[in-house]
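1. Sequence and predicted structure, then a few things I'm wondering about:
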Amino acid sequence: MVRLSVNHDKTGSLLLLGRGNSRGSLNHSFFGVKQSLSGSVKYLGVILDSRLTWGEHVEVKVRKAHNLPWVCRRACGMGWGLRPKVLHWLYVTIVRPTVSFASLVWWPGCQTASNKNKLNKVQRLACLGITGAFRATPPTGAMEALVGLPPLDLVIQGEARSAAHRLWSLGCWSYLHPQQGHSRIVTRLQESDPIFNMRVAVMKPVYNLEPKYRVTMLERNGPEALWLKGSFGSHMGPGPRRGPWRRSMGNL
């Protein structure tokens, strides 16, 4: 019997409140220890708050994304350092995926003005590093058009739509609340263009974890082992095989 233990210091409780509820209470224990309510919990890299505003999640992602461009900025300047092409590649392949991770869940948080401004600051910093422009001179939209970077909030919503359409095509999308929260992205996508009512040409993978073979452990001096030893030669270890082994291969 396997007994599992729980680290209560890393375990939290979260009560999801609706728009009309201002407070809530929850008294419960987990493995004999009473749990207190917390304002937010982190699950698989996504920070959930009680009202699902995703403000804290965006704040943490933006803070991490700010550190990555500054590391690149230390290696370049207006007239020296990494080439703009390399900086563009670093931002698209490293920084931006870090921000858009699990965007299918928290994409509604990109629609608020405060979160949009936070995301724009991340992309502005990357554009300044790529173009080498002064910080107070060019607008963010002009630099985005110059280096070919769409707004970051639109990129996050685009990746969420792509993931939602793929899951819907595979039959893995839940229709519990199609008009609420992050689930309404499929409805919006299909209403925008009828072509998205068609499924993509992908096949749902099926995993068969039952082995189609059988492993038999033979005794060293058993009858089966002696028969194999006589059939394939007396030399059963590593190295060149001589004698009966060659004749057996020739008969085959």
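-> Yep, that arrived. Here the structure is a predicted model, which means the values were calculated and not measured.
2. Tell me where the stretch 1-150 of the chain has helices.
-> With helices called from DSSP state H, counting those that start in this stretch, the stretch 1-150 of the chain shows them at 55-73, 84-90, 96-99, 103-106, 113-131, 140-147.
3. whoops, I mixed them up, the stretch 151-252 of the chain
-> Secondary structure of the stretch 151-252 of the chain (DSSP H, counting those that start in this stretch): helices at 152-169, 184-192, 223-232, 244-251.
4. coming back round to it: highest mean neighbour count out of the helices of the stretch 1-150 of the chain?
-> Most buried of the helices of the stretch 1-150 of the chain, by mean neighbour count (mean count of other Cβ atoms under 10 Å): helix 103-106, with a mean of 21. Placement of C-beta: from N, CA and C, glycine included.
5. on contacts alone, who are the packing partners of that helix?
-> Identification of packing neighbours for helix 103-106 by 3 or more Cβ pairs under 8 Å, 6 or more residues apart in numbering; DSSP states H and E yields helix 152-169.
6. Let me see the domain layout of this protein.
-> As assigned by automatic domain parsing, the chain contains the domains 12-17+25-51, 54-160.
7. tell me the contacts of residue 111?
-> residue 153 (Cβ atoms under 8 Å, 6 or more residues apart in numbering).
8. Likewise for the one 3 residues further on?
-> For residue 114, the residues meeting the contact criterion (Cβ under 8 Å, 6+ apart) are residue 55.
9. do the same with residue 29
-> Counted by Cβ under 8 Å, 6+ apart, residue 29 has contacts residue 35.
10. From residue 4, how far out is it?
-> Distance, residue 29 to residue 4, by Cβ to Cβ, to the nearest Å: 17 Å.
11. what do you get for residue 149?
-> Going from residue 149 to residue 4 by Cβ to Cβ gives 46 Å.
12. Please identify which of these two sits among more neighbours.
-> residue 149 (19 against 5; other Cβ atoms under 10 Å).
13. Not counting its neighbours along the chain, what's nearest that one?
-> Using Cβ to Cβ, 6 or more residues apart in numbering and skipping residues adjacent in sequence, the residue nearest residue 149 is residue 123, 6.3 Å away.
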